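Peer 1: Coordinates for the following, if possible.
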Amino acid sequence: MANKKIAFPLDPLLYGSCYFPEHWDPKMHEPDLKRMAQSGFNFVRMGEGAWSYFEPREGEFQFALFDRVLDLCKKYKIKAIMGTPTYAAPAWVAKNYPEALRWDFNRKPMGHGGRRHLNYTSAEFLGLSDRICGELAAHYKGHPQIVGWQLDNEFNCHMDVSYAPSDTLAFREWLKARYGSLDKLNAAWGSAFWSQTYGAWDEIDLPKPVPAYPNPSQVVDESRFISDTVAAFARRQAAIMKAANPKWFVTHNGLFTNVKGPDLVKELDFFAHDQYPGFYPHWADASFGLAQARSLSFPFALLEQQSGPGGQMAYILPTLRPGQQRLFAWESMAHGAGLMSYFLWRTVPYGSEQHWHGLLDADNIPGRRLAEAEGTCKEVRSMPKAFWSAAPARQAAVLRDYDNESNDWRANTYTGKGRNETGRWHKAMSKAHIGLDQVWESSDWSGYRLMVAPHLKMLSPQLAARLKAWVEKGGHLLLGAQSGSKDVDTQQVAAPYPGLLRGLAGVEVEDWSTLKDGEEREALWEGGSGASFALSTFVERLKPQGAEVLARWDTPDSLLAGAPALTRRKLKQGSVWYLGGYAQDAALDFLVERLSHELGLAPPAQAGEDVEMILRKAGKKSWLVLMNHAAEARTVEGLPEARLLVGPGALKAGALELPPFGVAILESQA
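Peer 2: Numbering: from 1, shown residues only. Next comes the predicted model:
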């Protein structure tokens, strides 16, 4: 799963919390650090929001507050991850450098008073960023407690676009580098339509308010440009920190919209994730981000782990019930987090995040949240070292593609109802206890039996060739409706769908239709079993060209009636399944069951869908992490002979009862 080899700080595993000393009376610092050490914590993450402390006035720098805290860290044997503080700048930046501000889509500048209001393309902001990073790097380059740096904080959180004049100028330069000439740009964008042909580079702008619809090729290029700009900003900061101390690691927390994960990770030593399960209605929805994190680097860091009820000005999440904090922390570590940091040590009583509750509330009285973190820490320290580098077992994967996701989200979707089928596949597989990873075109695909590419509309010849080679060597690929319908410029292909995938899938699309929200079309499995499933959003009438029919449309709809809805083509050692529609939860549950049966994808044990399972293997040993997300006890059966490392009770006849929100980790021979 890892896209790069990393030197990850595994020994000892860093376990601690976010701590922001600028928020607290200095008299509290030593009691805080002492209590952390007593809790078993061995690191803090701090500094990323403190630019106004480090540089209170332009060009005037101070470090004494953090120097004292780092000295206390040394006293209590606590390491530190520092953050470059460039996501929230002092007021003087907006006052003195208005050109550093982001502008919204309507070309209105943002102002000081929140965060993420600064512009990655502004020469003024880049200079200020370089300077504060350089001052921090120079001051702390030899400090023994600092192990690495988090670059900025949550790139593109809150606002993932900017339309300042500097953005337009940078976009034009990016387009020149990508296309080389206006003729090539005009061809790629299909700019002959609606008289959009450009005769000079300075005629081109980022998408702007228009009476009709923007050019979809321009919109997708905008997303590519934004992502490249974020990666360049990360590269710039990483270079400054590494030049000061090559032993420091650099990371970044979170993958937000308009950022291509694999490109960002190229600038880091490893990826970091922020995990807040309270935002999601189902545990499998929340675990999607963890699977995404390990697709970018394994192990990954967890720099913000929800520790209590969280909220900002417009919302507050439900309070975690007793046991859930421990459950969620182990869930993150089961997926591959090799560094655990709770957000945050103590609730800040003021500001826009005064409802983000920490391990301690603002009253500073220890309660159940800190006790759970301490208990989890003891369990973490008891785990064998080999567990932390053992990757989850490979069974199936879903293919992620930034361009296609940008197109779906921003440009050309026909209907939004079908969006995020990638997430629905993750949920269905997770509930069925089939290990599902996420992979990218640049990932290592070896070891997976099944790969799902739900709706790979935009397709390059290179990706089509790699899919074919993977299938021929024994992979089983499932494609969804609209696959291969566009080229990399978002233009419709001048060939029967699925375009470049037509020969691989052994099928053509004869006809198609969108469906209204709430509409579905039933498909009946061949062979007389009576089994059926329903598809939605966008449905296709398929014509086999060497593929066998697995299901047919069972509907009076004359466009579809009796035609194939699902096909399969066997190709050398593998096969390609083509699904002529979008699938919601019930259809995916059905398809996961069928695919698992056909391909021999077996869960590691048997349990209901409230239980999450992660199987990790290394050498001759395996570890099965069982997590009960229900508020009632659940039983897991069919377990191998194993030693219980974490969890209550004992294995009896291959069964184990998990208490409400319970966690168990079993070690056995692989």
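Peer 1: Now do the strands in the stretch 351-500 of the chain.
Peer 2: 391-392, 396-399, 436-439, 450-453, 476-479 (DSSP state E, counting those that start in this stretch).
Peer 1: State the pLDDT value of Met1.
Peer 2: Met1 carries a pLDDT value of 36.
Peer 1: Give me the contact list for the helix or strand bottoming out on mean pLDDT in the chain.
Peer 2: Ranking every helix and strand in the chain by mean pLDDT, DSSP states H and E puts strand 311-312 at the bottom, with a mean of 86. Here strand 311-312 makes contact (C-beta atoms under 8 Å, 6 or more residues apart in numbering) with 317, 352-353, 355-356. Any C-beta I mention is one placed from the backbone N, CA and C, and that applies to glycine too.
Peer 1: domain ranges for this structure?
Peer 2: Split into domains by automatic domain parsing, the chain comes to 14-161+230-383, 394-599, 611-669.
Peer 1: Could you pull out the strands in the stretch 551-670 of the chain for me?
Peer 2: 564-571, 574-579, 611-618, 621-628, 634-636, 643-646, 656-658, 663-669.
Peer 1: returning to what we had before: and the contacts of strand 311-312, which of them are buried?
Peer 2: With burial judged by 16 or more other C-beta atoms under 10 Å, the buried subset of the contacts of strand 311-312 is 317, 353, 355-356.
Peer 1: Pull the number of nearby residues for Leu101.
Peer 2: 22 (other C-beta atoms under 10 Å).
Peer 1: got the residue ranges for the helices in the stretch 151-300 of the chain?
Peer 2: Ranges of helices in the stretch 151-300 of the chain, per DSSP state H, counting those that start in this stretch, are 165-179, 182-189, 216-244, 261-265, 283-286, 288-296.
Peer 1: The longest one: which residues count as buried?
Peer 2: By neighbour count, with 16+ other C-beta under 10 Å as the criterion, the buried positions of helix 216-244 are 216-238, 240-242, 244.
Peer 1: how about the nearest residue to Lys463, chain neighbours excluded?
Peer 2: Small correction: residue 463 is Leu, not Lys. Leaving out its chain neighbours, the residue that sits closest to Leu463 by C-beta to C-beta, 6 or more residues apart in numbering is Glu441, at 5.5 Å.
Peer 1: Tell me how many other residues crowd that neighbour.
Peer 2: Neighbours of Glu441 (other C-beta under 10 Å): 16.
Peer 1: Could you do Phe105 as well?
Peer 2: Applying other C-beta under 10 Å, we find 12 residues neighbouring Phe105.
Peer 1: Check Leu467 too.
Peer 2: 25.
Peer 1: ok, now Asn412?
Peer 2: 16.
Peer 1: How about it, nearest residue that isn't a chain neighbour?
Peer 2: That would be Pro216: by C-beta to C-beta, 6+ apart, it lies 4.4 Å from Asn412.
Peer 1: what's Glu379 in contact with, if anything?
Peer 2: Per C-beta under 8 Å, 6+ apart, neighbours of Glu379: 330, 646.
Peer 1: which of the contacts of strand 311-312 lies closest to Arg57?
Peer 2: Relative to Arg57, the closest of the contacts of strand 311-312 is Ser352; by C-beta to C-beta it sits at 23.8 Å.
Peer 1: so the closest one makes contact with Ala88?
Peer 2: No - using C-beta atoms under 8 Å, Ser352 makes no contact with Ala88, being 10.4 Å away.
Peer 1: Shouldn't Lys74 be within a helix?
Peer 2: Yes - judged by DSSP: H, G, I helix; E, B strand; the rest coil, Lys74 forms part of a helix.
Peer 1: what's the next secondary structure element after the least confident helix or strand of the chain?
Peer 2: Going down the chain from strand 311-312, the next helix or strand is strand 315-316, by DSSP states H and E.
Peer 1: Now for the residue nearest to Ala188 when sequence neighbours are not counted: which residues touch it?
Peer 2: Using C-beta to C-beta, 6+ apart and skipping residues adjacent in sequence, the residue nearest Ala188 is Asp489, 4.3 Å away. Taking C-beta under 8 Å, 6+ apart, we find Asp489 in contact with 188-190, 217, 220.
Peer 1: rerun that using 10 Å as the cut-off
Peer 2: 185, 187-190, 216-217, 220-221, 403, 458 (C-beta atoms under 10 Å, 6 or more residues apart in numbering).
Peer 1: picking that back up, so what sits against both of Ser352 and Ala88?
Peer 2: Contacts common to Ser352 and Ala88, judged by C-beta under 10 Å, 6+ apart, are 114-115.
Peer 1: can you tell me which residues contact the closest residue to Ser382 other than its chain neighbours?
Peer 2: Among residues not flanking Ser382 along the chain, Leu645 sits closest, at 7.0 Å (C-beta to C-beta, 6+ apart). Leu645 is in contact with 379, 382-384, 387, 623, 625, 664-667, counting by C-beta under 10 Å, 6+ apart.
Peer 1: from these, which would you call buried?
Peer 2: 379, 383, 387, 623, 625, 664-667.
Peer 1: Can I get these in TSV including distance to Pro98 and pLDDT?
Peer 2: Shown next, in TSV, are the buried ones among the contacts of Leu645 (distance: C-beta to C-beta, whole Å; pLDDT from 0 to 100):
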residue	distance to Pro98	pLDDT
Glu379	51	97
Met383	52	96
Phe387	52	95
Trp623	54	98
Val625	51	98
Ala664	56	98
Ile665	54	98
Leu666	59	98
Glu667	59	97
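Peer 1: Looking at these, which is nearest Gly480?
Peer 2: For those, the nearest to Gly480 is Val625 (30.7 Å; C-beta to C-beta).
Peer 1: pretty sure Ala232 contacts Leu151?
Peer 2: No - look at Ala232 against Leu151 with C-beta atoms under 10 Å: they stay out of range, at 12.0 Å.
Peer 1: what sits in contact with each of these two?
Peer 2: Contacts common to Ala232 and Leu151, judged by C-beta under 10 Å, 6+ apart, are Glu267.
Peer 1: re the thing from before, mind putting the helices of the stretch 151-300 of the chain into JSON lines with distance to Ser513?
Peer 2: Formatted as JSON lines, those follow (distance: least, C-beta to C-beta, whole Å):
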{"stretch": "helix 165-179", "distance to Ser513": "35"}
{"stretch": "helix 182-189", "distance to Ser513": "28"}
{"stretch": "helix 216-244", "distance to Ser513": "21"}
{"stretch": "helix 261-265", "distance to Ser513": "34"}
{"stretch": "helix 283-286", "distance to Ser513": "29"}
{"stretch": "helix 288-296", "distance to Ser513": "30"}
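Peer 1: and of those helices, who's closest to Glu657?
Peer 2: That would be helix 283-286 among those, by C-beta to C-beta, at 18.8 Å.
Peer 1: what are the bridge partners for Arg521, then?
Peer 2: Beta-bridge partners recorded for Arg521 (DSSP bridges): Leu535.
Peer 1: May I ask you to confirm that it is in contact with Asp554?
Peer 2: Yes - shown here, Arg521 and Asp554 form a contact pair, counting by C-beta under 10 Å, at 8.4 Å.
Peer 1: Now do the shared contacts for the two.
Peer 2: With C-beta under 10 Å, 6+ apart, Arg521 and Asp554 have common neighbours 534, 560-561, 565.
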